[in-house]
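Colleague: using only what follows, build the 3D model:
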Amino acid sequence: MQPSAAALARGLIRTSPLYLRRFAASGGAGLSSSRRLLLFFAAVTLLPVAQAAPVGLPMNPLVPGQSTPTISSPTAPAVAAPAAIPASDEESAPAAAAETPARAMAPTPGPALRPSQPVVTRPATPPRPLPVVARPTPPPRPQAVAAKPPAPMVEPRLSQAAAVKAAAAEAARLNLKSASLLVLEQPRSKVLVAREPEKVMPIASITKLMTAMVVLDAKLDMGETLTIADSDVDRVKMSGSRLQVGTRLSRREMLHLALMSSENRAASALARHYPGGKPAFIRAMNAKARALGMRKTHFVDSTGLSQKNVSTAMDLARMVSAAHQYASIRQFTTADRHVVRVNRGGSLTYLNSNRLLQTRSRDWNIGVSKTGYTSEAGRCLVMHAKIGAKPVIVVLLNSWGKLTPIGDANRIKRWVEVHG
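Modeller: Sure thing, here's the model as predicted:
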């Protein structure tokens with residue numbers, strides 16, 4: 001006699017969950033379809049509860065008056081349901097059960113488990129993640145950079161007005177006597193000392209530097225003989241000359257005397273023997289002045305006897321700088337003396353009009369020199385000289401005493417040596 005389904009279910013509930021597992025594993029072989037369904041339901045319903053129940057709790061959740069234990073688990077383990085029995089297996093199940101009824105209900109050998117100690121399956125503890133430590137990003141290593149050489153010191157440039165103002169203060173402190181003066185450091189044309197450098201004034205025989213440049217620019221025959229004529233005699237200032245009318249000298253000798261001794265008749269003869277005569281020569285002088293940037297300069301004769309030959313200290317500095325480029329001008333203006341042969345076998349000895357060159361002073365290294373004098377222009381002196389190792393241009397106009405330009409030049413030289 002087979003037990004009823006209800007009794008079988010109560011017996012399974014009171015027994016160990018091991019039988020439920022065995023039923024689930026055997027598929028209910030040897031039982032009718034209704035009992036297999038009941039046991040299947042019990043296995044599906046009770047087996048997960050038995051597996052999740054803690055050890056020591058009674059596994060009888062269906063008994064009246066007994067509360068079902070509450071199991072708190074963060075994640076309930078998933079229990080796979082028994083595989084569904086295919087239809088072909090269900091139809092052949094009674095024949096298999098009839099042949100071996102006892103084998104189907106026989107317990108499967110295995111470890112004995114107490115009903116009060118169900119198998120507890122705890123979910124595997126996931127590995128604890130390692131803390132992520134944010135490491136500070138190391139600063140980039142400074143790359144080796146080749147040391148740059150220090151930038152060269154650049155001397156700040158003063159404006160022209162500020163430079164002239166500072167230079168005028170130096171001129172006053174030096175107690176210079178020239179009415180208009182300028183001291184320029186070459187080749188930068190840096191103003192060192194100045195007083196009224198843009199004032200237009202008569203320039204007297206300083207004119208002869210321009211006369212010499214025009215003659216040399218014309219590429220004329222320097223060995224050609226020139227004759228002193230009556231038209232070369234000064235009828236304005238009535239200045240004297242040692243060259244008599246009719247004296248014959250080469251163009252080179254005439255130029256030498258005009259530059260070194262400021263010989264007026266020689267300068268007049270040079271202009272008269274220029275191609276086109278004196279008018280053409282005067283035009284060439286003014287054209288040369290414009291080419292040099294001497295905008296406040298004007299010439300009317302080649303000697304400087306006319307007070308209409310005017311210029312400024314700044315313009316004359318440009319003219320001296322240009323004259324320094326001519327070897328003949330450097331030679332003739334710095335010779336201390338010169339002897340010329342004149343008519344009838346005579347000779348004349350001329351001295352340099354600049355006293356600094358007459359004495360051959362070792363204190364001065366002069367490259368170009370020219371003096372001048374008229375009552376309107378006063379005493380004038382221009383020079384291109386080296387003071388120490390520094391080339392400078394000195395322009396002194398309208399000094400009131402005969403030796404005043406020499407005194408001013410010496411004071412300027414000492415100042416440049418100390419402060420220049």
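
Colleague: need the pLDDT of Pro58.
Modeller: pLDDT recorded at Pro58 is 46.

Colleague: Leu12 too?
Modeller: Reported pLDDT for Leu12: 50.

Colleague: next one: Trp364
Modeller: Reading off the model, Trp364 has pLDDT 91.

Colleague: isn't it right up against Ile412?
Modeller: No. Contact between Trp364 and Ile412 fails when scored by CB atoms under 8 Å: they sit 11.2 Å apart. Every residue, glycine included, has its C-beta placed from N, CA and C.

Colleague: those two - which one has more neighbours?
Modeller: Neighbour count, other CB atoms under 10 Å: between Trp364 and Ile412, Ile412 has more, with 26 against 19.

Colleague: the more buried one and Val193 touch, don't they?
Modeller: Yes. Counting by CB under 8 Å, Val193 is a contact partner of Ile412 at 6.2 Å.

Colleague: which neighbours do those two share?
Modeller: Here Ile412 and Val193 share the contacting residues Leu174, Leu176, Val183, scored by CB atoms under 8 Å, 6 or more residues apart in numbering.

Colleague: adding distance to Ala327 as columns, could you present those in a markdown table?
Modeller: What follows is the shared contacts of Ile412 and Val193, written out as a markdown table (distance: CB to CB, whole Å):
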| residue | distance to Ala327 |
| --- | --- |
| Leu174 | 33 |
| Leu176 | 32 |
| Val183 | 25 |
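
Colleague: which single one of those residues is nearest to Lys237?
Modeller: Leu176 (27.3 Å; CB to CB).

Colleague: tell me the SS of the nearest residue to the closest one once chain neighbours are set aside?
Modeller: Take Leu176 and drop its neighbours on the chain: the residue closest to it by CB to CB, 6 or more residues apart in numbering is Asp408, 4.7 Å away. With DSSP: H, G, I helix; E, B strand; the rest coil as the basis, Asp408 sits in helix.

Colleague: what does the one 4 residues further on give?
Modeller: At Ile412, secondary structure determined by three-state DSSP is helix.

Colleague: what residues are up against Ile203?
Modeller: Gly304, Asn309, Val310, Ser311, Leu316, Gly372, Ala377, Cys380, Leu397.

Colleague: which one among these gets closest to Leu209?
Modeller: So of the contacts of Ile203, ranked by how close each gets to Leu209 (CB to CB), first place is Leu316, at 8.4 Å.

Colleague: is the closest one in a helix, a strand, or coil?
Modeller: Recorded secondary structure, Leu316: helix (three-state DSSP).

Colleague: wait, is Lys370 part of a helix?
Modeller: No. Lys370 is assigned strand when assessed by three-state DSSP, not a helix.

Colleague: burial count for it?
Modeller: If you count neighbours by other CB under 10 Å, Lys370 ends up with 29.

Colleague: please name the nearest non-neighbouring residue to Val310.
Modeller: Here the residue nearest Val310, using CB to CB, 6+ apart, is Val200, at 5.2 Å.

Colleague: wait, isn't that neighbour in contact with Ser311?
Modeller: Yes. With contact defined as CB under 8 Å, Val200 reaches Ser311; the gap is 7.1 Å.

Colleague: what touches both of those two?
Modeller: Lys296.

Colleague: neighbour-wise, which of the two wins?
Modeller: Legend: neighbour count by other CB under 10 Å for Val200 and Ser311, higher for Ser311 (27 against 15).

Colleague: just give the closest residue to that one, not the sequence neighbours.
Modeller: Thr297 (4.0 Å).
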